[in-house]
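Participant: Here's a sequence, model it:
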Amino acid sequence: MPDPPKEFRPFLARYDAAVRQLTLALRTVVVEELAPCHEYIFAMRSKVVLLYSGSARAISDGICNIAVFRQHVTLTFVEGTDLDDPGHLLKGSGKIMRHLRIMSVAELARPELRMWLRQARTLAGLPPPGDRARREVVTRVKQRSAAR
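Facilitator: Predicted coordinates:
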């Protein structure tokens, strides 16, 4: 899987080592299940966000996103209410989106996580992942604006 772009590292610098490790590990899981895909990285107030989509229109064609907070990360599914969740692990009270708060790398081994990513990929109308060599990630990084 592709390494995160070097422009992404400054975004993670303000977080402690455990949150940085968790973010990179979750990114790896998401990319393994969604690639080929598009990734859009930006800072939003007090968090860093990584959007994933099947096209360059990352916001309107979004599949899921990772939000990085001070002590945890969340994985949000744009069409979360349409995912199979018999254990009611996905949280949220909105009409469509659902999220999962992840506190440790060990939680990434949950089989539901990859199952939801595959379902989200299908709901977005993307074909099944093909040849591993052709599973690229097109990444765009929105640089921080200069302070006013």
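Participant: Contacts only, for residue 26.
Facilitator: By CB atoms under 8 Å, 6 or more residues apart in numbering, the contact list for residue 26 reads 66, 73, 75, 102, 108. Using the backbone N, CA and C atoms, a C-beta is placed for each residue, glycine as well.
Participant: which one of those residues sits closest to residue 20?
Facilitator: For these, the closest approach to residue 20 (CB to CB) belongs to residue 73, at 10.1 Å.
Participant: thought that closest one was touching residue 22?
Facilitator: Yes: if you go by CB atoms under 8 Å, residue 73 and residue 22 touch, sitting 5.5 Å apart.
Participant: Identify each of the strands in this structure and give its residue range.
Facilitator: Assigned by DSSP state E, the strands in the chain fall at 37-44, 47-53, 62-68, 73-77, 98-102, 137-141.
Participant: Can you lay out the ones you listed as CSV showing distance to residue 3, mean neighbour count and mean pLDDT?
Facilitator: Compiled in CSV, the strands of the chain are given as follows (distance: least, CB to CB, whole Å; neighbours: other CB atoms under 10 Å; pLDDT from 0 to 100):
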stretch, distance to residue 3, mean neighbour count, mean pLDDT
strand 37-44, 12, 19, 94
strand 47-53, 14, 22, 96
strand 62-68, 16, 23, 97
strand 73-77, 18, 22, 98
strand 98-102, 21, 19, 98
strand 137-141, 10, 17, 91
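Participant: Let me have the ones you listed in JSON lines, adding distance to residue 113 as columns.
Facilitator: Output for the strands of the chain, formatted as JSON lines (distance: least, CB to CB, whole Å):
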{"stretch": "strand 37-44", "distance to residue 113": "16"}
{"stretch": "strand 47-53", "distance to residue 113": "14"}
{"stretch": "strand 62-68", "distance to residue 113": "11"}
{"stretch": "strand 73-77", "distance to residue 113": "7"}
{"stretch": "strand 98-102", "distance to residue 113": "7"}
{"stretch": "strand 137-141", "distance to residue 113": "18"}
